[in-house]
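Peer 1: Next input, structure requested:
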Amino acid sequence: MAEDQQGLALAGSAASAEAFDHAVADYFGLTGDPVGGLKTALASDPTFVLGGVAIAGLFMIGGFRGDHPEVLGALAAADAATGIASSREKLHLAAVMALSEGRTSDALLAWEAVLTDWPTDALALRFAQDGYYCLGQPLAMRDSVARVLPVWDRDNPLTSFVLGTYAFGLEETNELGRAENAARDALNRNPRDAWATHALAHVMETTSRQEEGIAFLKETRANWSAAHFMAGHNGWHLALYLIEQARFDEVLADYDRFSAPKLADDMTLDRVDAASLLWRLEVAGVDVDGRWGPVARAWMAHGDDHVLAFNDLHCALAAARSETSGASSARLMISNAMAAAATIR
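Peer 2: The predicted model follows:
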């Protein structure tokens, strides 16, 4: 067996282990194309169990339903190789299988079981963070990282990202001073840590430090904009500060320059942020002109996804403001969101 960067055994070749390390680093850094790299490795190495596991999990975290062909194909590839999988890898597979069936709590139990015996399992740690986030469990987000942080080597290249995830958990549980310290520690180690940037932006928003928040995000844009999976959302936080100061022209200019073009990437968070931002501008009395149309069209292609009620409600916002979709589509979206939410546990 090969080993990953943390020294954990990994079914598959050394090349697959290298691809896995790159994908995990991209997942934490919210950069690159982690799924693409894993797919390439899996295509040449069918024994790469965690390749199929990570592909399936990343697709679902990104907004794909558990019955999507991409998810099912990745799960099938992982399942076919379980004969050579370690107990840790089998727990990973059980977790993503549970996630695909809407049993998020069971998935989290499996990832925590991994972290109990292998506390430096980076994939389990990050998947658990996203799972707790989707279920709205901030205490678990914080404590899951707190339990394993002491065993992470301070010189490990992923440690800054682990500190960034801890900072966000602290912020979400209103431990704002500790959150800021952890976020700044992470950013001192790695200024391009977009999740630590996100945690610090939350702290500044919560403590009404708008001017400081604007300066921070503008000065560091070159760092966090490289994290294309998170760049739009950190830009959304910048827009919140600007809206609070009634600097609407700046918000619209940034929306047109940065947010609107990202709709073409077809990423769930970008659609959420676009709908959320336009809605906030309208609540503040701003005429957003024809900007709702492209947002609604982007959302309508995913009207039946129903992964999170949170996503569906933003889809409904876009539908309600669209000239072609309208209120009836929005009501249908809300109804479907409520039905879908009842199946997630």
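
Peer 1: Tell me, how many residues neighbour Ala253?
Peer 2: Around Ala253 there are 12 other residues, counting by other C-beta atoms under 10 Å. Every residue, glycine included, has its C-beta placed from N, CA and C.

Peer 1: buried ones in the host helix or strand of it?
Peer 2: Remark: Ala253 resides in helix 248-254, with elements defined by DSSP states H and E. Residues of helix 248-254 classed as buried: Phe248, Val251, Leu252, Asp254 (neighbour count, 16 or more other C-beta atoms under 10 Å).

Peer 1: just stretch 309-321 next, same as before
Peer 2: By neighbour count with 16+ other C-beta under 10 Å, stretch 309-321 contains the buried residues Ala309, Asn311, Asp312, Leu313, His314, Cys315, Ala316, Leu317, Ala318, Ala319, Ala320, Arg321.

Peer 1: Which one of those is nearest to Asn190?
Peer 2: Compare each of the buried residues of stretch 309-321 with Asn190 using C-beta to C-beta and the shortest gap goes to Asn311, at 29.3 Å.

Peer 1: pLDDT and distance to Gly232 added to the buried residues of helix 248-254, as TSV?
Peer 2: Conversion of the buried residues of helix 248-254 to TSV gives the following (pLDDT from 0 to 100; distance: C-beta to C-beta, whole Å):
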residue	pLDDT	distance to Gly232
Phe248	98	19
Val251	98	14
Leu252	98	15
Asp254	97	10
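
Peer 1: Pick the one among those closest to Met230.
Peer 2: Checking these one by one against Met230 (C-beta to C-beta), the nearest turns out to be Asp254, at 15.6 Å.

Peer 1: thought that closest one was touching Leu240?
Peer 2: No - in this structure, Asp254 sits apart from Leu240 without contact. The criterion is C-beta atoms under 8 Å, and the distance is 11.6 Å.

Peer 1: hmm, back to that, and the buried residues of stretch 309-321, which of them are in helices?
Peer 2: For those, membership in helices holds for Ala309, Asn311, Asp312, Leu313, His314, Cys315, Ala316, Leu317, Ala318, Ala319, Ala320, Arg321, with DSSP state H as the criterion.

Peer 1: Run a quick neighbour tally on Pro294.
Peer 2: Around Pro294 sit 16 other residues, with neighbours defined as other C-beta under 10 Å.

Peer 1: quick thing: my sequence starts at 9, can you match it?
Peer 2: All set: I'll call the first residue 9, so the last point we hit is now Pro302.

Peer 1: show me what contacts Pro302?
Peer 2: The contact partners of Pro302, taken as C-beta atoms under 8 Å, 6 or more residues apart in numbering, are Ala268, Leu271.

Peer 1: Remind me which helix or strand it belongs to.
Peer 2: Following DSSP H and E, the helix or strand that holds Pro302 is helix 300-308.

Peer 1: Tell me where the stretch 209-353 of the chain has helices.
Peer 2: Along the stretch 209-353 of the chain, the segments classed as helices by DSSP state H, counting those that start in this stretch run 218-227, 229-232, 239-252, 256-262, 268-270, 276-291, 300-308, 317-329, 334-349.

Peer 1: who wins for proximity to Ser52 among those helices?
Peer 2: Across the helices of the stretch 209-353 of the chain, the minimum distance to Ser52, taken as C-beta to C-beta, is reached by helix 276-291, at 29.7 Å.

Peer 1: Could you tell me the angle between that closest one and helix 317-329?
Peer 2: When axes from the mean of the first three to the mean of the last three C-alpha atoms, to 10 degrees is applied, the directions of helix 276-291 and helix 317-329 differ by 50 degrees.

Peer 1: Mind checking what secondary structure Phe72 has?
Peer 2: Under DSSP: H, G, I helix; E, B strand; the rest coil, Phe72 falls in the coil class.

Peer 1: so what's the closest residue in space to it that isn't next to it in sequence up against?
Peer 2: Nearest-residue entry for Phe72: Val79, 5.6 Å, with adjacent residues in sequence omitted and distances by C-beta to C-beta, 6 or more residues apart in numbering. Under the criterion of C-beta under 8 Å, 6+ apart, the contact list for Val79 reads Ala64, Phe67, Met68, Phe72, Arg73, Ser108.

Peer 1: so who does the residue lying closest to the third one once chain neighbours are set aside touch?
Peer 2: Read it as Met68. Excluding the flanking residues, the one nearest Met68 by C-beta to C-beta, 6+ apart is Leu107, at 5.5 Å. Taking C-beta under 8 Å, 6+ apart as the criterion, Leu107 is in contact with Ala64, Gly65, Met68, Gly74, Ala115, Gly139.

Peer 1: ok, now with 10 Å
Peer 2: Neighbour list for Leu107: 64-65, 68-69, 74, 79, 83, 114-116, 118-119, 135, 138-139, 142 [criterion: C-beta atoms under 10 Å, 6 or more residues apart in numbering].

Peer 1: Please list only the buried members of those residues.
Peer 2: Using 16+ other C-beta under 10 Å as the burial test, the contacts of Leu107 include 64-65, 68-69, 74, 79, 83, 114-116, 118-119, 135, 138-139, 142 as buried.

Peer 1: Out of the residues you listed, which is nearest to Leu101?
Peer 2: Minimum separation from Leu101 among the buried ones among the contacts of Leu107 (C-beta to C-beta) is found for Leu83, which lies at 7.8 Å.

Peer 1: Since that was my last question, I'll sign off now.
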